[in-house]
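Asker: My questions concern the predicted model and sequence given below.
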Amino acid sequence: MRIGHLVAEEIDHEFAPGLRAKCWGYNGSTPGPTIEVVEGETVRLYVTNRLREPTTVHWHGIILPNGMDGVGGLTQKPIPPGETWVYEFTLREPGTFMYHPHYDEMTQIALGMAGMFIVHPKRPRGARVDRDFVLMTHEFRVDVGAKRPNPNSMNDFNVLTFNSKAFPGTAPLVMQKGERVRIRFGNLSPMDHHPIHLHGLNFKLTATDGGYIPESAQRPDTTVLVPVGSTRVIEFSPPEAGDWAMHCHMTHHVMTQMGHDAPPMIGANTKNLDRRMRALVPGYMSMGQDGMGGMAEMDMPVPENSLPMRGANGPFSYIDMGGMFTVLQVREKASTSKGWYEHPAGTIAAKATTAQLDADGIKIDKPG
Amino acid sequence: MRIGHLVAEEIDHEFAPGLRAKCWGYNGSTPGPTIEVVEGETVRLYVTNRLREPTTVHWHGIILPNGMDGVGGLTQKPIPPGETWVYEFTLREPGTFMYHPHYDEMTQIALGMAGMFIVHPKRPRGARVDRDFVLMTHEFRVDVGAKRPNPNSMNDFNVLTFNSKAFPGTAPLVMQKGERVRIRFGNLSPMDHHPIHLHGLNFKLTATDGGYIPESAQRPDTTVLVPVGSTRVIEFSPPEAGDWAMHCHMTHHVMTQMGHDAPPMIGANTKNLDRRMRALVPGYMSMGQDGMGGMAEMDMPVPENSLPMRGANGPFSYIDMGGMFTVLQVREKASTSKGWYEHPAGTIAAKATTAQLDADGIKIDKPG
Amino acid sequence: MRIGHLVAEEIDHEFAPGLRAKCWGYNGSTPGPTIEVVEGETVRLYVTNRLREPTTVHWHGIILPNGMDGVGGLTQKPIPPGETWVYEFTLREPGTFMYHPHYDEMTQIALGMAGMFIVHPKRPRGARVDRDFVLMTHEFRVDVGAKRPNPNSMNDFNVLTFNSKAFPGTAPLVMQKGERVRIRFGNLSPMDHHPIHLHGLNFKLTATDGGYIPESAQRPDTTVLVPVGSTRVIEFSPPEAGDWAMHCHMTHHVMTQMGHDAPPMIGANTKNLDRRMRALVPGYMSMGQDGMGGMAEMDMPVPENSLPMRGANGPFSYIDMGGMFTVLQVREKASTSKGWYEHPAGTIAAKATTAQLDADGIKIDKPG
């Protein structure tokens, strides 16, 4: 018998340096702790409710007695505030599962209540993996200046996260070239199926929350679509060392909090606008007439507790992405993984020399 | 030769007790009748248009002569109001197909015009199934007080349906533990790929509107993503009796009509608001400061003909979900399927006793 | 060594006859030129930046040295305006890849910067194909009267495109009945996973940007869901000649620019509205009381440079779709592909005769 204890509670959560909000989670964090057990084990899981409304816990994907399924009203009374309830069941099948509330779902999940539940097989199948990561995708609406995410948001999320962290708050995934690596994605986003793209490799989808995918049914991909309410397990051996981006490919999901709402300024003549604005705001300068990339790193004053237009400093220059973005740090030897990747000479895109252009017959016309 | 007759017409449709609207459908219902024929048969399908604008019928997924494909302007003139036209073709391949208008698609599909078209194989493939369900996902925008769905809605749907019914208007799926069950999903939602999650089991995807999936390519899942304009056929044997939830996992798709638009109130101090509101609305009480689960079952007065914040009474307490939600009633013996599941003793999540907590060494700290 | 040269620049782009906008692309077009090389070749690709902000090029899906991956800040400094940089790498694996900027992604991709990158295998796998198409899905927000797409749009796209063209600007795909046809879809839409539905056939998914799908894992479909940031390769042999529709099945993605924003008028009595409007706009006539199909072909005056409610003339009558729509022109012999399909006698849906109705016992009730 394995004993566990989840405490559902409001927490003070940092999405990224500079942005905090009151979220809801388990045991002090969002997502809650990853539960890891072995196939065949029986678990007794206590759940204490420290929210101000009832809750339940649903064990997503796990085959268990109906009364342990955690659907408020349908399979149990919801757990009142202040009480501790107990779930008990045996893990019959190995797999990559999740847990989340099944009471006031829209609110409780939107505020961050979610976790992964890994059931390791008694006898591992397939090749042994050297690295085994879990990563939950999520999306929040946090208005600038708000204390809490808005749980009613339906299609205007602005804080996009891996394990409830927005880049540069996300953790890099460290691995060695040629190692066998597994990433277990779980998506309890309220509304979006996230297409997570990995640079520098291709992978196979090996399992879902329904079980293992037989080898005959596996297919290669570089972007894994993780539908809402699903887990997707991928495996690969990185063929090349480097700092490889991994991110949601929906372009607004690698933006930061204020990026989506800017007015379109490309090509605008802002001289008059700026003059009038300066009468109101000394030093005002409108941005984005040529594009928005440079806005990320400008040192503009931003509202307190917000992620207006920021990514992070990278090894070459500013990385203008935020949100669902992180880096696979693939190294020749894992022990050398400190800091940014050191590129072998001559392997970095660079300004073309006149000699190169001439030798290859490239003519650069003057723009018309 | 099999003869059939579809009448395209406006209908008075009940989404759930308490919410009716003028929809468009076939033969008095949305979705229209499920057409069932056998591979190799020839069908002659009459279509009478009782709408006030032209229409056509497209036979989605079926291989047929180009002139029978039902695309207005491209393969035929649209059927004028008041006329009856005839389609005739032979079903060469078995499968799970659909039908819908291909004229003024945005409007006619949004108002409910859709149906399933099943072509049974001459010689069944794979294991014989004991149960065979069809279930169409759909989404509507019905503003409170509106007589009709708004066909122009693009991303703010608020009445989410299985077979054009919103929970508690949806029908439960009754089956026996261990039986072989097939569910054929068809998605003619205007805009959303719905991830339908099944509790208490895992399944295999066995076919699409393109045909059978060979066993080597089948994979297990607990959530089936049904893309817009697709059918997905799943098969499983439920391993556990019980009342198992089946629902779209997008959290706003298990909400009811007014749930999405509520302002975020969590943590708000509403004393002043309430005082001011009561000057306008006697008895006003703002809701949701602690979460929104309890709002579902409050007996607040609601506008006529609306589903403001309601789910339904469940066996344990109020189920606070609506929309794309229903229950798989899995019973030890199908004949005992009346009413809610009766749980064996000791198999329901319950309040922990002090003895349990002590024996397992669980310490409940007082909240700080 | 293969030498190539991409010029990133603003272009004057026509989405469809009647709608032009300033977009961003490569070498004068959006999408940019399709790059085609052979497995094992080394490419040296020059990139000239003629935008007014920096850019990079990321080679999506291709395994290459980290410094050639084109992620601004992370693997290189972004290319400043006016400069020409050079990328060099060897194509180790065949496949269907893409290229796009990885700097100011939200803006640059939204304005049209994207292209396909095909690496043909040294030794072809599987059956030889007779036709090999590439088709990129995209989505833009172009407000009526605007000079440029709005790159900040997140969920209200109104110009939906195949190869940056909206129907009737899209090119038909010409092929012969029974030929082996491949279509390589690439989706660099900012936000939507497009379900592309093909009429008149079913196909198998044979590859992604991760590589070939083994035959054991292939499955049939009639709609291919192309997630954002993915390629999907399908193959089929069209079994029937005809003009077969191919389109995104999300109903708003076959609408034109103004179609989405119309107010719901179905069933409205507009007499008073019309009278009042005519005081302001002589000749005003409100539309859509009976449905919206007829609005497409009305010869209403429309704002300059816009696609208000238009599809195109078809062989039978007006086709009321726009956006992500085109036609597979499948002919008995490819050389006879000029003009619309000529249907064999008796293979087109037609008005039922009284004799037919009587013979088949179909009773047409008068509407109540």
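Answerer: It's in. Numbers count the residues shown, from 1 in each chain, chains lettered A, B, ... in the order given.
Asker: Tell me how many other residues surround residue A:144.
Answerer: 16 (other C-beta atoms under 10 Å in any protein chain shown). Placement of C-beta: from N, CA and C, glycine included.
Asker: I misspoke; the intended subject was residue A:127.
Answerer: Neighbour tally, residue A:127, other C-beta under 10 Å: 11.
Asker: Assign it to helix, strand or coil.
Answerer: Of the three states, residue A:127 takes coil according to DSSP: H, G, I helix; E, B strand; the rest coil.
Asker: quick one: it from chain B, how far?
Answerer: Distance of residue A:127 to chain B, given as C-beta to the nearest C-beta, to the nearest Å: 19 Å.
Asker: Could you give the number of residues near residue A:225?
Answerer: With other C-beta under 10 Å as criterion, residue A:225 counts 24.
Asker: Thought residue C:226 was touching it, still the case?
Answerer: No. Residue A:225 is not in contact with residue C:226 according to C-beta atoms under 8 Å; the separation is 9.9 Å.
Asker: distance between the ends of stretch A:342-361?
Answerer: With C-alpha to C-alpha, to the nearest Å as the measure, stretch A:342-361 spans 32 Å from end to end.
Asker: where does the residue of the stretch 101-250 of chain A at minimum distance from chain B fall, phi/psi-wise?
Answerer: Using C-beta to the nearest C-beta, residue A:229 is the residue of the stretch 101-250 of chain A that sits closest to chain B, at 2.6 Å. Here is the backbone geometry of residue A:229 (degrees, to the nearest 10): phi 70, psi 30.
Asker: nearest residue to it other than its sequence neighbours?
Answerer: Among residues not flanking residue A:229 along the chain, residue B:249 sits closest, at 2.6 Å (C-beta to C-beta, 6 or more residues apart in numbering or on different chains).
Asker: How about residue A:328?
Answerer: Once flanking residues are discounted, residue A:328 sits nearest to residue A:244: 4.3 Å by C-beta to C-beta, 6+ apart.
Asker: show me the contacts for that neighbour.
Answerer: The neighbours of residue A:244, taking C-beta atoms under 8 Å, 6 or more residues apart in numbering or on different chains as the test, are A:198-201, A:238, A:327-328, A:330, C:66, C:69.
Asker: Quick check: residues of the stretch 51-200 of chain A near chain C?
Answerer: A:155-156, A:193, A:195, A:197, A:199-200 (C-beta under 8 Å from any C-beta of the partner chain).
Asker: What ranges does chain A have for its helices?
Answerer: Here chain A has its helices, by DSSP state H, at A:105-110, A:271-280, A:354-359.
Asker: hey, least reliable of the ones you listed by pLDDT?
Answerer: Among these, helix A:271-280 carries the lowest mean pLDDT, a mean of 56.
Asker: for the stretch 151-300 of chain A, which spans come out with low pLDDT?
Answerer: With pLDDT under 70 as the threshold, the stretch 151-300 of chain A has low-confidence stretches at A:258-288, A:292-300.
Asker: go again using 90 as the cut-off
Answerer: A:152, A:154-155, A:255-300 (pLDDT under 90).
Asker: What residues does it have near chain B?
Answerer: Contact residues (C-beta under 8 Å from any C-beta) of the stretch 151-300 of chain A with chain B: A:151-152, A:154-155, A:190-191, A:193, A:208-214, A:216-217, A:225, A:227-230.
Asker: Now restrict those to buried residues only.
Answerer: Listed as buried from these are A:151-152, A:154-155, A:190-191, A:193, A:208-214, A:217, A:225, A:227-230; burial here means 16 or more other C-beta atoms under 10 Å in any protein chain shown.
Asker: in the sheet, who's paired with the nearest residue to residue A:148 once chain neighbours are set aside?
Answerer: Leaving aside its chain neighbours, residue A:148 sits nearest to residue A:22 (4.7 Å; criterion: C-beta to C-beta, 6+ apart). Beta-bridge partners recorded for residue A:22 (DSSP bridges): residue A:12.
Asker: For residue A:22, which residues are in contact?
Answerer: Residue A:22 sits next to A:10-13, A:147-148, B:267 when contact means C-beta under 8 Å, 6+ apart.
Asker: Then residue A:75?
Answerer: A:66-69, B:242-243, B:316, B:348-349.
Asker: Can you give me the neighbour number for the closest residue to it other than its chain neighbours?
Answerer: Spatial nearest neighbour of residue A:75, chain neighbours left out: residue A:69 (4.5 Å); criterion: C-beta to C-beta, 6+ apart. Residue A:69 has 29 neighbours, counted by other C-beta under 10 Å.
Asker: How about the one 4 residues further on?
Answerer: The number of residues packed near residue A:73 is 24, by other C-beta under 10 Å.
Asker: I'd say it and residue B:327 touch.
Answerer: No. At 11.0 Å, residue A:73 does not count as touching residue B:327 under the criterion of C-beta under 8 Å.
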